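Q: I'd like to go over a predicted model; first the sequence, then the structure.
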Amino acid sequence: MFGPDIDLMPDEKMVLASNPHWFYFWKQVAAGVGLLLLLLLLWTVEADWIGTALGWITLISFIVLILDTIYAFVQWQTTRFAITDQRVAYQSGIFRRRGVSIPLNRINNVNFEQSFIARILNNGVVTIESAGETGDSVFENIPDPEHVRTLIFAGVEADEQADSDRDAAALAKAMRKHQEPTSAAPAPPSATDRLAALDDLKAQGLVDDAEYAAKRQQILDEL
């Protein structure tokens, strides 16, 4: 795996990460074949001025091909497609970066497309339909697109199950809390506390001797 890794969020786990399929370089390969044909033509030309012109064209074409291949290779290295247990992520670009992050719980459908040649090369296009303003997200040159679709569907199902488990746990907790008995009423003060309170009232002059004696006798009778 080349290129900068996609940053993971806390507790996020990587399921799949890859660069584009090597078919990404088909233009450079086709240009290289064309350059080889030009070299063969150069060897068969007998006229000097034609040979000289073809030689310069071949040299310039070779330099352009080398520079273009280097640029494409760096761009390939900095392009990453990833599936985690929480989202599908894509990032690309050398100087100007762009990225896409699609949460699994917002994915509605995943399609893939392969031409006959792409099936032979195990390469294809993956289209993700998601809820949101961005609409469909199309990712090209994805290795083994059918396997990628399977992994995304598995991730979506696991995410839905995790949400269901969290909701069930929250509901069970709420039900247990609702069924818990309310706290018991405070226990009545003991006779000792009542006698002490009565003594305080007498000391403050709030009850006379008769009231004090009657109330004290009442408390003692309840023991």
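A: Right, received. Where do you want to start?
Q: what bits of the chain have low per-residue confidence?
A: Low-confidence segments of the chain (pLDDT under 70): 1-4, 45-47, 49, 133-134, 171, 174-175, 178-187, 207, 223.
Q: Show me the strands in it, by range?
A: Applying DSSP state E to the chain gives strands spanning 14-18, 80-84, 87-92, 98-103, 107-113, 123-130, 137-143.
Q: ok now do the closest residue to Gly99 other than its chain neighbours, which residues does it touch?
A: Distance criterion Cβ to Cβ, 6 or more residues apart in numbering; nearest residue to Gly99, sequence neighbours excluded, is Gln91 at 3.8 Å. (Glycine included, C-beta is placed from N, CA and C.) Going by Cβ atoms under 8 Å, 6 or more residues apart in numbering, Gln91 touches 4, 6, 78-80, 97-100.
Q: Break the chain into its domains for me.
A: 14-160, 191-221 (automatic domain parsing).
Q: Can you get me the start-to-end distance on the first one?
A: The first and final residues of domain 14-160 sit 18 Å from each other (Cα to Cα, to the nearest Å).
Q: From the chain's centroid, how far away is that domain?
A: Domain 14-160 sits 22 Å away from the centroid of its parent chain (Cα atoms, centre = their mean, to the nearest Å).
Q: now do the shortest one
A: A distance of 73 Å separates the centroid of the chain from that of domain 191-221, by Cα atoms, centre = their mean.
Q: from the domains of the chain, which stretch is densest packed?
A: Per-stretch averages of neighbours, counted by mean count of other Cβ atoms under 10 Å, single out domain 14-160 among the domains of the chain, with a mean of 15.
Q: can you list the domains of the chain in TSV and add distance to Lys173?
A: Output for those, formatted as TSV (distance: least, Cβ to Cβ, whole Å):
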stretch	distance to Lys173
domain 14-160	21
domain 191-221	39
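Q: okay, stretch 195-214 in CSV with CA atoms only?
A: Extracted as CSV, the C-alpha positions of stretch 195-214 are listed here (Å, rounded to 0.1, in the frame of the first residue of the first chain):
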residue,chain,number,x,y,z
LEU,A,195,-37.6,13.7,74.0
ALA,A,196,-34.5,15.7,73.1
ALA,A,197,-36.6,18.0,71.0
LEU,A,198,-39.1,18.4,73.8
ASP,A,199,-36.3,19.4,76.2
ASP,A,200,-35.1,22.0,73.7
LEU,A,201,-38.6,23.5,73.5
LYS,A,202,-38.9,23.7,77.3
ALA,A,203,-35.4,25.2,77.5
GLN,A,204,-36.5,27.9,75.1
GLY,A,205,-39.6,28.6,77.1
LEU,A,206,-41.9,27.5,74.3
VAL,A,207,-43.8,25.0,76.5
ASP,A,208,-44.7,25.3,80.2
ASP,A,209,-44.2,22.7,82.9
ALA,A,210,-47.6,21.1,82.5
GLU,A,211,-47.3,20.8,78.8
TYR,A,212,-43.8,19.4,79.1
ALA,A,213,-44.9,16.8,81.6
ALA,A,214,-47.9,15.7,79.6
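Q: which other residues reach that stretch?
A: Residues outside stretch 195-214 that contact it (Cβ under 8 Å, 6+ apart): 189, 215-216, 219.
Q: what do you get if the cut-off is 7 Å, keeping everything else the same?
A: Residues from elsewhere that reach stretch 195-214, judged by Cβ atoms under 7 Å, 6 or more residues apart in numbering: 215-216, 219.
Q: residue ranges for the helices of this structure, please.
A: Taking DSSP state H as the criterion, the chain contains helices spanning 26-44, 48-77, 116-121, 145-179, 191-203, 209-221.
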